[in-house]
Every structure is written in C-alpha cells, then in structure tokens.
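# Okay, predicted coordinates and the sequence, questions at the end:
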Amino acid sequence: MKYQINGVGLNVHDQGDGEPVLVFLHYWGGSSRTWGEVIKHLVTNFRCLAYDHRGWGDSDAAASYRIQDLADDAEALIEMFRLQRYVLVGHSMGGKVAQLVASRRPVGLAGLLLVAPSPPVPMAAPLEQRMQMIEAYGARQSVEFLIEHVLTATPVSEKAREMIIEDTLRGAPQAKRAWPEAGMIEDISAFVGNISVPTLVLAGEKDQVERVEILRQELVPRIPGAQLRVISKTGHLSPLEVPGEVASGIWNFLASLPG
C-alpha cells in the first residue's frame, strides 16, 4: 500500500504482529522485496515493515535522493505508523540511511541491525568507477554480470535472480544516479558517534562491495558498542543468498535487547 511521506508516495508492506517492530531498509537497486525471504522467518513473531525507497520498487520518483532525504522518509514513516518500540534493519545503502536515522536518537528506537552496510565515511571509488556503476544498472546483461561476479558469492534461486534484475532496471533514473554521484561518497561519520542503541553488523565473508576489513576499520569503531558478526561464504546480497542465516542473526540480536 502507498502512503504519502514527505510529499512522496512510498510503497509499504506491513505484515505480522509483535514488538519490537522491524523496519527494513533495502539496498541501492533493490526494493522491499529484497527482504521477503528473511521476513518469512520472522513474521510469525514480529511485525515487519518493509518499504521501497523513493524512486525504487513501487514508490514514486522524487526530486532529491540525499541520504538525509531517505533518513527523513524513514523517520516520517515511523512517526506515521506511531511505532512505540522498533529496530531498524538496513542493508547496504539502507544501512547508511539507518545509521543516520539512529544518530538522531528517535523516540522508540530499540536497536540497529546493519546488513552488509555502507560505512559512514565516503567509499573509496573514483568518479569513473562510480559512473560505470550507473551504466551497469541500465541493461539486463550488465546486471546479470554484477549478480554473478560482484553482488553474490553463493547462487541465488532463479526467482530471486529475476527479481534482482527487475528491481534494478525499474529504478527511477534519478535514483540510480544519486547513490554513485553523491550518496556513497557522503560523509556522515560525524553523526554516527551519537548512536546510543545496541548495534550489530552482519557482514558477508566474501562481500566484494562492503568488505569485512573496511567495516572493521571504518564502521564498527565509530558506533559505540557496535558488534560485528561475519556470515561465512556469502557475498553482498546476503538477504537473498542466505536469508535463513540473516533472519537467525536478527532473531538472536532481538533476543539480546534489554527490556
């Protein structure tokens, strides 16, 4: 169902019941569907809110796609649903957005779970490489290459593969450009030290996009008390490669939260 958030129609899937509510933020190129298999493991015990960022999935395109804009969307959605106790679960770009939201210390936030997250510092990617990323998101053949050689380390189902391709290609042109042009080099490191909730990072052992060593150096030390867990033999798209393991990590994290 679509809801008007900050003047943009955002597509939201609201399933299950139980607290803390899990709010899922997807990666650059994905959609709320990215979390589908993970949510299947959790929805019998927790309310799960997964939505499409502006310009992705079934959400409307917009004029601006700064990390701040995406964080504002997440906060406004949480306020609209009047969530009392919730955990942010962010993947890749969605992880960077979740970090900024958590740094604002919103009322009701109980925890932060980051799956293969983009670090708060600018990613070390030259302009030429970032422009190639935009081009790669424009054709089926190049997306297929990315799935096989960059985004995954273990095979995904044919259904998941087609979903990745479809979600990537249907993204609004502005949304496709915004992350490589600005979002991935935006520096929010001055803010993440304000995060005051328990934080767990789930990293893929063979992730070529958000490498374990970079997360150890540039993310974990910047968030007070953050813990890192490495999922073996998996790549960047762990919610699709090993959804059961990701769900298990989320479940164990929720069980460790106070209150």
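Ah, there it is. Numbering: from 1, shown residues only.

# from here on, contacts and neighbour counts on C-alpha atoms
Fine.

# any idea how far residue 95 is from the residue lying closest to residue 63 once chain neighbours are set aside?
Excluding the flanking residues, the one nearest residue 63 by CA to CA, 6 or more residues apart in numbering is residue 174, at 7.8 Å. Distance, residue 174 to residue 95, by CA to CA, to the nearest Å: 20 Å.

# The two: who's more crowded?
residue 95 (27 against 15; other CA atoms under 10 Å).

# Which residue, neighbours along the chain excluded, lies closest to the more buried one?
That would be residue 117: by CA to CA, 6+ apart, it lies 4.6 Å from residue 95.

# same deal with residue 48?
Closest to residue 48 by CA to CA, 6+ apart is residue 22, at 4.8 Å.

# do residue 175 as well
residue 55 (5.4 Å).

# re the thing from before, which residues does the residue nearest to residue 48 contact?
Contacts of residue 22 were listed using CA atoms under 8 Å, 6 or more residues apart in numbering, and they are 46, 47, 48, 49, 86, 87, 88, 89.

# Mind pulling the model confidence for the nearest residue to residue 106 once chain neighbours are set aside?
Among residues not flanking residue 106 along the chain, residue 75 sits closest, at 7.8 Å (CA to CA, 6+ apart). With respect to pLDDT, residue 75 scores 98.

# Just give me how far the lowest-mean-pLDDT helix or strand in the chain sits from the chain centre.
Within the chain, no helix or strand scores below helix 127-136, which has a mean of 78 by mean pLDDT, DSSP states H and E. Distance, stretch centre to chain centre, for helix 127-136: 20 Å (CA atoms, centre = their mean, to the nearest Å).

# again with stretch 118-138
Worked out by CA atoms, centre = their mean, stretch 118-138 lies 16 Å from the chain centre.

# quick one: buried residues of that stretch?
Applying a neighbour-count criterion of 16 or more other CA atoms under 10 Å, the buried positions in stretch 118-138 are 118, 119, 120, 121, 122, 123, 130, 133, 134, 136, 137, 138.

# Can you get me the start-to-end distance on that stretch?
Using CA to CA, the two ends of stretch 118-138 sit 22 Å apart.

# Could you pull up the contacting residues of residue 98?
Applying CA under 8 Å, 6+ apart, the residues near residue 98 are 25, 71, 88, 89, 90, 112, 114.

# what do you get for residue 215?
Contacts of residue 215 by CA under 8 Å, 6+ apart are 119, 203.

# and it, what element?
helix 212-218 (DSSP states H and E).

# isn't the residue nearest to residue 175 right up against residue 61?
Yes. Using CA atoms under 8 Å, residue 55 is in contact with residue 61, at 4.0 Å.
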